[in-house]
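J.: I'll drop the sequence and a predicted model, then ask my questions.
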Amino acid sequence: MKLRDLAAALECALVGDGAIEITGVAGLEQAGPGDLTFLANPKYAPKVKNTRASAILVSEPAQDCAIASLVSKNPYLDFARALECFYQPPRPRSGIHPLASIAESARIGAGASIGPFAVVGENVRIGDHAVLYPHAVIYEGAQIGNHFLAHSHAVVREFCRIGDRVILQNGAVVGGDGFGFAKRADGTHYKIVQSGVTVVEDDVEIQSLTSVDRATMGETRVKRGAKIDSLVQVGHACVIGEDNIICAQTGLAGSSILERNVLLAGQVGVSGHLTIHDNSIVYAQSGVGGDVEAGARISGSPAFAANEWLRAITAFPKLPELLKTVREMKKKIDQLERK
């Protein structure tokens, strides 16, 4: 693909030779001749002079750059769009494999691809152009929109509702039972029926081995555009807000509410019955035990303001020395007072 054609497709300004042939995309350090790379973070700018790429996506023309440039308002986004010009994941052919199990009462829209050993239960409704890979399972009464994609061993439990363009990666479970038990007088546990559902809105992606539990009553809801990484646990009756990013190994206890555009980094723990408000960021391995105000950035366990946490964690290794100094000063003060 000529660089000029790629520039036109991405609506980027071209600086340099538009006749260069681009055959793929790669990161700055991995790129070779024929590759397009990108610079999204200015701190990596010194690496540009060492890249072997034929062209680069940048936010502004790079000084002393020996290779052609595509100037973009959002280099990382346009790099993602450029990837689609060179690679599209394979899509299986339309049709229902004879080894799939489809209930007679199920209704599946046009253009579906249902793989061997996939299971679709009674009274299920699935929209057009769905793809169910082998061993995907849709329980009774689930309602699913158009362009649904379920990879192998993904599960949608009974009566859950899923919107359009939802992707479930391998082993994701939507609507598994919430973790609810009542203790008897003798100390044993009585299972509480999880009578609610999980609702997943449009354009959500849930990655491998993640569980979004159904509610005891009412619903657990994942709102439009949220992206949930692998190995995440979303407890019953939680609300995941629009365009949230939730990274791997995060756990949300029941009835946690995340508002719009929240980012939880890896291994964050959120105790239940709290609200993390719009545009907040919670850094990795933080423990959230209370409400988080809009736009906050918090760290630590228990989590508090990230700038204060950075100061505290910097001081932490010095505490033994500081304690020794304080004791010596106290000793000198005591000596002076005795005089």
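T.: Here it is on my side, so go on.

J.: any weak-confidence spans in the protein?
T.: 64 (pLDDT under 70).

J.: what about the helices in it?
T.: Along the chain, the segments classed as helices by DSSP state H run 3-10, 75-86, 306-315, 319-338.

J.: domain assignment for the chain?
T.: 3-86, 91-234, 244-339 (automatic domain parsing).

J.: Identify whichever of the helices of the chain lies nearest to residue 33.
T.: Closest approach to residue 33 among the helices of the chain (Cβ to Cβ): helix 3-10, 12.8 Å. Glycine gets a C-beta too; all of them are placed from N, C-alpha and C.

J.: Which of the residues in that closest one are classified as buried?
T.: Buried residues in helix 3-10, defined by neighbour count with 16 or more other Cβ atoms under 10 Å: 3, 4, 6, 7, 10.

J.: In contact with the residue lying closest to residue 215 once chain neighbours are set aside: list those residues for me.
T.: The shortest distance from residue 215 to any non-neighbouring residue, by Cβ to Cβ, 6 or more residues apart in numbering, is to residue 196 (2.9 Å). Residues counted as contacts of residue 196 (Cβ atoms under 8 Å, 6 or more residues apart in numbering) are 178, 214, 215, 216, 217, 218, 219, 220, 236, 237.

J.: In CSV: these, plus distance to residue 290.
T.: Converted to CSV, these look like this (distance: Cβ to Cβ, whole Å):
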residue, distance to residue 290
178, 22
214, 26
215, 22
216, 23
217, 25
218, 23
219, 24
220, 21
236, 20
237, 18
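
J.: Of the domains of the chain, which stretch is the most buried?
T.: domain 91-234 (a mean of 19; mean count of other Cβ atoms under 10 Å).

J.: Work out the gap between that domain and the centre of the chain.
T.: 18 Å (Cα atoms, centre = their mean, to the nearest Å).

J.: repeat for stretch 311-326
T.: Put simply, stretch 311-326 sits 37 Å off its chain's centre (Cα atoms, centre = their mean).

J.: got the end-to-end distance for that stretch?
T.: 19 Å (Cα to Cα, to the nearest Å).

J.: residues in contact with it?
T.: residue 300.

J.: run the last query once more with 6 Å
T.: Outside stretch 311-326, not one residue touches it by Cβ atoms under 6 Å, 6 or more residues apart in numbering.

J.: do the same with stretch 84-101
T.: By Cβ under 6 Å, 6+ apart, stretch 84-101 touches 24, 111, 113, 114, 115, 116, 117, 118, 119.

J.: which among these gets closest to residue 164?
T.: Of all the contacts of stretch 84-101, residue 164 sits closest to residue 111, with 13.8 Å by Cβ to Cβ.

J.: Relative to residue 159, how far out is that closest one?
T.: Spatial separation of residue 111 from residue 159 under the definition Cβ to Cβ, to the nearest Å is 25 Å.

J.: do residue 189 as well
T.: For residue 189, the distance to residue 159 - Cβ to Cβ - is 25 Å.

J.: show me what contacts residue 25?
T.: Residue 25 neighbours (Cβ under 6 Å, 6+ apart): 36, 82, 83.

J.: quick one on the thing from earlier: now tabulate the contacts of stretch 84-101 in JSON lines and tack on distance to residue 74.
T.: Shown next, in JSON lines, are those (distance: Cβ to Cβ, whole Å):
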{"residue": "24", "distance to residue 74": "20"}
{"residue": "111", "distance to residue 74": "32"}
{"residue": "113", "distance to residue 74": "33"}
{"residue": "114", "distance to residue 74": "37"}
{"residue": "115", "distance to residue 74": "36"}
{"residue": "116", "distance to residue 74": "41"}
{"residue": "117", "distance to residue 74": "42"}
{"residue": "118", "distance to residue 74": "38"}
{"residue": "119", "distance to residue 74": "41"}
